[in-house]
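Chemist: Build me a model:
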Amino acid sequence: MADSDAKKVLEYKERVKKQAEELVLKEFPRKIVVLDELLKTSDFNRKNLEEVHESLNIPVPEPVQLNSHSEPVNKRWKADSKLEEITGTKVMALTNGAVPCNKHLCNLVFQVKPHVRQLVEDSNVLKMWVSFLIPKIEDGNNFGVSIQEDTLAEIQSVESEAAAFYDQISRYFLTRGKIVSKVAKYPHIEDYRRAVEELDEKEYLSLMLVLCEVRNRYSTLHDIVTKNLEKIKRPRSSNTESLY
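Modeler: The predicted structure follows:
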């Protein structure tokens, strides 16, 4: 049983090594070209950011008609005004239906997320590949090992950064939802509506930068690995050269 498990582990390591080399030499160049072309499309090159605005579908209620000559009505209005300052406007229902997500940004998220996820997975494969190639600890002749360790640190940094992009996307929707709830609660305050538009413009730029960073990370990983491929695969020479 132990021999069978050990054999499966060796097969897994060999599979990772083969997959990693194919990623670096074939898939990464193809991925870089695809991402670069995607960044040139109209979706990621809007000059007028107002094009990404989305109607909130939250109407401004009609002002309440008050009878200033009626003492009871006037007193009740004052009481209601003080209560509204504390609690806001009660939202019993959105008469025009649900508040939509920003369809322009949802389209960008739909395009960006698969590339972010793929970068996380590819970085993980490279990380395991380099880790498997690091030889046992010995005295001397460790220059190649230091190259492996530096490359591994860069790969781990890329993996962590790519995972953080996911958190950035989810935080946008959470933040937008909170501001939209403010618009529903205080529909007469234009600043909340403007805050939604500003947030959407900011997220558009962020998604463009995320895609740009994904392309750049693929480029740097391809560059650093191909330049040091020989040392990464064979960190120590089989025959120690004479120093004299």
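Chemist: need the next SSE after the helix or strand containing residue 151, C-terminal direction.
Modeler: Here residue 151 sits within helix 143-185, counting by DSSP states H and E. Next helix or strand after helix 143-185 toward the C-terminus (DSSP H and E): helix 190-227.
Chemist: chain center to that next one: distance?
Modeler: Averaging C-alpha positions (Cα atoms, centre = their mean, to the nearest Å) puts helix 190-227 8 Å from its chain's average.
Chemist: now do stretch 176-184
Modeler: 22 Å.
Chemist: now the helix holding residue 151 and helix 190-227, what's the angle there?
Modeler: Relative orientation of helix 143-185 versus helix 190-227 (axes from the mean of the first three to the mean of the last three Cα atoms, to 10 degrees): 170 degrees.
Chemist: any idea of the mean pLDDT in helix 143-185?
Modeler: Helix 143-185 carries an average pLDDT of 93.
Chemist: what's the weakest-modelled helix or strand in the protein?
Modeler: Lowest on mean pLDDT, DSSP states H and E among the helices and strands of the chain sits helix 71-87, with a mean of 52.
Chemist: and the angle for the helix or strand just after it with helix 190-227?
Modeler: Counting by DSSP H and E, the next helix or strand C-terminal to helix 71-87 is helix 103-133. Orientation note: helix 103-133 sits at an angle of 30 degrees relative to helix 190-227 (the same axes, to 10 degrees).
Chemist: what comes up buried for helix 103-133?
Modeler: Within helix 103-133, the residues that count as buried by 16 or more other Cβ atoms under 10 Å are 104-105, 108-109, 112, 115-116, 119-120, 122-130, 133. C-betas here are computed from N, CA, C, even on glycine.
Chemist: swap in stretch 185-200?
Modeler: So for stretch 185-200, counting by 16+ other Cβ under 10 Å, buried means 185, 187, 192, 193, 195, 196, 197, 199, 200.
Chemist: check contacts around the second one.
Modeler: Right, residue 187. Residues near residue 187 by Cβ atoms under 8 Å, 6 or more residues apart in numbering: 58, 59, 60, 61, 89.
Chemist: Quick check: of those, which lies closest to residue 162?
Modeler: Of all the contacts of residue 187, residue 58 has the smallest distance to residue 162: 35.6 Å, by Cβ to Cβ.
Chemist: how about low-confidence regions in the protein?
Modeler: Across the chain, the ranges flagged by pLDDT under 70 are 1, 63-93, 238-244.
Chemist: Could you tell me how far residue 39 is located from residue 52?
Modeler: 16 Å (Cβ to Cβ, to the nearest Å).
Chemist: before we move on, what about residue 163?
Modeler: 26 Å.
Chemist: okay, those two: which has more neighbours?
Modeler: Neighbour count, other Cβ atoms under 10 Å: between residue 163 and residue 52, residue 52 has more, with 20 against 15.
Chemist: could you list every residue that touches the residue nearest the centre of the chain?
Modeler: Closest to where the C-alpha atoms of the chain average out (Cα atoms, centre = their mean) is residue 165, at 2.2 Å. Shown in contact with residue 165 (Cβ under 8 Å, 6+ apart): 116, 210, 213, 214.
Chemist: Kindly report the same for residue 143.
Modeler: Counted by Cβ under 8 Å, 6+ apart, residue 143 has contacts 231, 235.
Chemist: How much space separates it from residue 101?
Modeler: Distance from residue 143 to residue 101, counting by Cβ to Cβ: 53 Å.
Chemist: gap between the two ends of stretch 96-112?
Modeler: 31 Å (Cα to Cα, to the nearest Å).
Chemist: whoops, I mixed them up, stretch 22-29
Modeler: End to end - Cα to Cα - stretch 22-29 spans 11 Å.
Chemist: do the same with stretch 136-144
Modeler: Start-to-end span of stretch 136-144 (Cα to Cα) is 12 Å.
Chemist: Next up, the contacts around the closest residue in space to residue 149 that isn't next to it in sequence.
Modeler: Using Cβ to Cβ, 6 or more residues apart in numbering and skipping the chain neighbours, the partner closest in space to residue 149 is residue 134 (7.4 Å). Contact partners of residue 134, counting by Cβ under 8 Å, 6+ apart, are 145, 148, 149, 152, 235.
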